[in-house]
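> Build the 3D model from these lines:
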Amino acid sequence: MMWKNYLRIKEAAEFLGVSPLTLRNWDKKGKLASYRHPINHYRLYRMIDLEKFLEKTDKNKPRKLKVKLVEE
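Take a look at the predicted model:
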C-alpha cells in the first residue's frame, strides 16, 4: 500500500467535517470502512473513499431553500 494516499482518523474527520468519534462509529457500523496500519494499527482512510463518501452524502442532503417572508 502507498500510505501517502491515506489520512489518519483526525485528518479524515477534519476533511469530512465530523469528529474522530463519529468516524469510529461509522467504521463500526460499516458506513465508512477504514484500513489498519500493519505496524501501529491506526485507522487509515483512503482519500478516494472519503471523496466518494462526500459525493454520495451530498446527493442525499436536502437543498436549502431561500424563503422570503412578507408581512401583511
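> Now do the contacts for Glu55.
With contact set as Cβ atoms under 8 Å, 6 or more residues apart in numbering, Glu55 has no partners. Every C-beta, even on glycine, is put in place using the N, C-alpha and C of the backbone.
> Which helix or strand contains it?
Using DSSP states H and E, Glu55 maps to helix 47-60.
> Export that helix to PDB, keeping only CA atoms.
Extracted in PDB, the C-alpha atoms of helix 47-60 (Å, rounded to 0.1, in the frame of the first residue of the first chain):
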ATOM      1  CA  MET A  47      -8.800   9.800   0.000                       C
ATOM      2  CA  ILE A  48     -10.700   8.300  -2.800                       C
ATOM      3  CA  ASP A  49     -13.100   6.600  -0.400                       C
ATOM      4  CA  LEU A  50     -13.600   9.900   1.500                       C
ATOM      5  CA  GLU A  51     -14.300  11.800  -1.700                       C
ATOM      6  CA  LYS A  52     -16.800   9.200  -2.900                       C
ATOM      7  CA  PHE A  53     -18.500   9.300   0.600                       C
ATOM      8  CA  LEU A  54     -18.900  13.000   0.300                       C
ATOM      9  CA  GLU A  55     -20.400  12.800  -3.200                       C
ATOM     10  CA  LYS A  56     -22.800  10.200  -2.000                       C
ATOM     11  CA  THR A  57     -23.900  12.100   1.100                       C
ATOM     12  CA  ASP A  58     -24.100  15.400  -0.800                       C
ATOM     13  CA  LYS A  59     -26.600  13.900  -3.200                       C
ATOM     14  CA  ASN A  60     -28.800  12.800  -0.300                       C
END
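> Report the central residue of this protein.
Closest to where the C-alpha atoms of the chain average out (Cα atoms, centre = their mean) is Leu16, at 4.1 Å.
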